[in-house]
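Student: Fold the following, please.
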Amino acid sequence: MYNPLTALVWGLVIIFLLLIIFWPRLGLMARYQKIRQGKIRILVEDALKHLYECERNQIPCTYKSLADYLSISVVKATRILKQLEATGQVKFEKSGFILTSDGRMYALRMIRIHRLWEQYLAEQTGLPETSWHAEADIQEHQVSSEQAEEISQLLGNPRYDPHGDPIPSASGHLPPKRGIPLHQLNEHVAAEVVHIEDEPEEIYADILGSGIHPGTQLVKTGDSPAGFILQIEGRMVDLPLRLIQNISVRKMPPKTFVEGSHDSLDQLKVGEEAEIVGLARGCRGHQRRRLMDLGVIPGTIVIPEIESLGRDPRAYRIRGALIALRKDQAQYIYVRKMKEVA
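Tutor: Numbering: from 1, shown residues only. The predicted model follows:
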């Protein structure tokens, strides 16, 4: 039997569901479209960055190269390139797709935001170095040009990011790349690391694990079967060629090169007394300020007193206080054993 009340209730339920789905700006359909458009915009912006890198390295950009870079199908890559061509940011020539002036400015803006954000993470946070690139990849699509300028002013308008890559200016000017490839460095010439390529991530992590960061001072002392023998802040390191090719250096006048063999804090035995001589150049920003606030400055006496299973973390006596430090923090602190000081 027909029940008007039941029909009314069902009608209201249907209307309510339709409103939830199709309500302008707030409905599920609107939100889905917004998410979809956001994903497309990210692909478009990443495509512009790829085109810029192809142009900078003087290699052709093709449907296949873009599809591989974005991890999408060639069909989707074709649609994106056609969209960029339709908006006047890309044009097609015999050598392949190239950026127009508008497309190049857009790409440089994305690169500027990415590298400024990496510099922000390095200077203002304690985020591990291996996470900077991935985090900046996310933020570059969310930070506006106005916000990027605020970040730049906060950081003192840096010209290079923490890996040594040049940061484009707001007008699109790109500072020159610095240094020469490490493999071109002659033996027994003092040099400073000015750039480390942060991709692929595994190679970058291995370079950092070797104790090499932008600002690290080194000398090539000879060849090895796998690569080079380097003196790095007093340590001898056998660096394989697969890592060497991702590092650039700048030659230094011999008088400015600081030599001397120093242990890192994590190498001390429990009860062994030492004097802090400095912090590694790879220790920067928030982490460097925190260690200095704890009294980790040149001339301070430090003694390892307690260690956990696996020796990580350990407790150190610094200026009368007992301070726990992880191994990856202690490796940044260079010390001279007291017997060597005497």
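Student: what comes up buried for the helix or strand hosting residue 287?
Tutor: Using DSSP states H and E, residue 287 sits in helix 285-293. Neighbour counts using 16 or more other C-beta atoms under 10 Å place 285, 287-288, 291 of helix 285-293 among the buried residues. All C-beta atoms are positioned from the backbone trio N, CA, C, and that covers glycine.
Student: Downstream of that helix, the next helix or strand is which one?
Tutor: Per DSSP H and E, the first helix or strand lying C-terminal to helix 285-293 is strand 301-307.
Student: gap between whichever helix or strand comes after that next one and the chain center?
Tutor: Next in sequence after strand 301-307, counting helices and strands by DSSP H and E, comes strand 314-318. Averaging C-alpha positions (C-alpha atoms, centre = their mean, to the nearest Å) puts strand 314-318 30 Å from its chain's average.
Student: With just CA atoms, put strand 314-318 into PDB.
Tutor: C-alpha atoms of strand 314-318 as PDB (Å, rounded to 0.1, in the frame of the first residue of the first chain):
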ATOM      1  CA  ARG A 314      75.400   6.900  24.100                       C
ATOM      2  CA  ALA A 315      75.500   9.400  27.000                       C
ATOM      3  CA  TYR A 316      78.400  12.000  27.000                       C
ATOM      4  CA  ARG A 317      79.500  14.200  29.900                       C
ATOM      5  CA  ILE A 318      79.700  17.700  28.400                       C
END
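Student: Using the record's domain definitions, break this structure down for me.
Tutor: With domains defined by automatic domain parsing, the chain comprises 28-99, 180-256, 263-341.
Student: Would you mind putting these into CSV with distance to residue 114 and mean pLDDT alongside?
Tutor: CSV is the format used below for the domains of the chain (distance: least, C-beta to C-beta, whole Å; pLDDT from 0 to 100):
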stretch, distance to residue 114, mean pLDDT
domain 28-99, 8, 84
domain 180-256, 11, 88
domain 263-341, 17, 83
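Student: Would you mind putting those into JSON lines with distance to residue 163 alongside?
Tutor: Output for those, formatted as JSON lines (distance: least, C-beta to C-beta, whole Å):
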{"stretch": "domain 28-99", "distance to residue 163": "15"}
{"stretch": "domain 180-256", "distance to residue 163": "5"}
{"stretch": "domain 263-341", "distance to residue 163": "11"}
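Student: Nearest to residue 133 among these would be which one?
Tutor: domain 180-256 (4.8 Å; C-beta to C-beta).
Student: what comes into contact with stretch 237-246?
Tutor: Residues from elsewhere that reach stretch 237-246, judged by C-beta atoms under 8 Å, 6 or more residues apart in numbering: 181-183, 196-197, 203-204, 206-207, 210-212, 224, 226-231.
Student: and with 6 Å instead?
Tutor: 182-183, 197, 203, 206-207, 210, 224, 226-230 (C-beta atoms under 6 Å, 6 or more residues apart in numbering).
Student: Which of those sits closest to residue 271?
Tutor: residue 210 (29.4 Å).
Student: Quick check: the closest one vs residue 60, distance?
Tutor: Applying C-beta to C-beta, to the nearest Å, the value for residue 210 to residue 60 is 34 Å.
Student: next one: residue 142
Tutor: 31 Å.
Student: now swap in residue 135 and tell me
Tutor: Residue 135 is 31 Å from residue 60, by C-beta to C-beta.
Student: out of the domains of the chain, nearest to residue 171?
Tutor: Within the domains of the chain, the stretch nearest residue 171 is domain 28-99; the backing value is 16.0 Å (C-beta to C-beta).
Student: Compare neighbour counts for residue 135 and residue 60 and give me the winner.
Tutor: Neighbours were counted for residue 135 and for residue 60 using other C-beta atoms under 10 Å; residue 135 has more, 16 against 13.
Student: circling back: out of the domains of the chain, nearest to residue 157?
Tutor: domain 263-341 (16.6 Å).
Student: The stretch 51-200 of the chain: strands as residue ranges?
Tutor: Listed in chain order, the strands of the stretch 51-200 of the chain (DSSP state E, counting those that start in this stretch) span 90-93, 96-99, 180-181, 190-196.
Student: Could you give me the buried positions within the first one?
Tutor: Within strand 90-93, the residues scored as buried using 16+ other C-beta under 10 Å are residue 90.
Student: Run a quick neighbour tally on the closest residue to residue 315 other than its chain neighbours.
Tutor: Once flanking residues are discounted, residue 315 sits nearest to residue 306: 3.9 Å by C-beta to C-beta, 6 or more residues apart in numbering. If you count neighbours by other C-beta under 10 Å, residue 306 ends up with 12.
Student: Beta-bridge partners for the nearest residue to residue 175 once chain neighbours are set aside, please?
Tutor: Nearest residue to residue 175, sequence neighbours excluded (C-beta to C-beta, 6+ apart): residue 166, at 4.0 Å. Beta-bridge partners for residue 166, by DSSP bridges, are residue 160.
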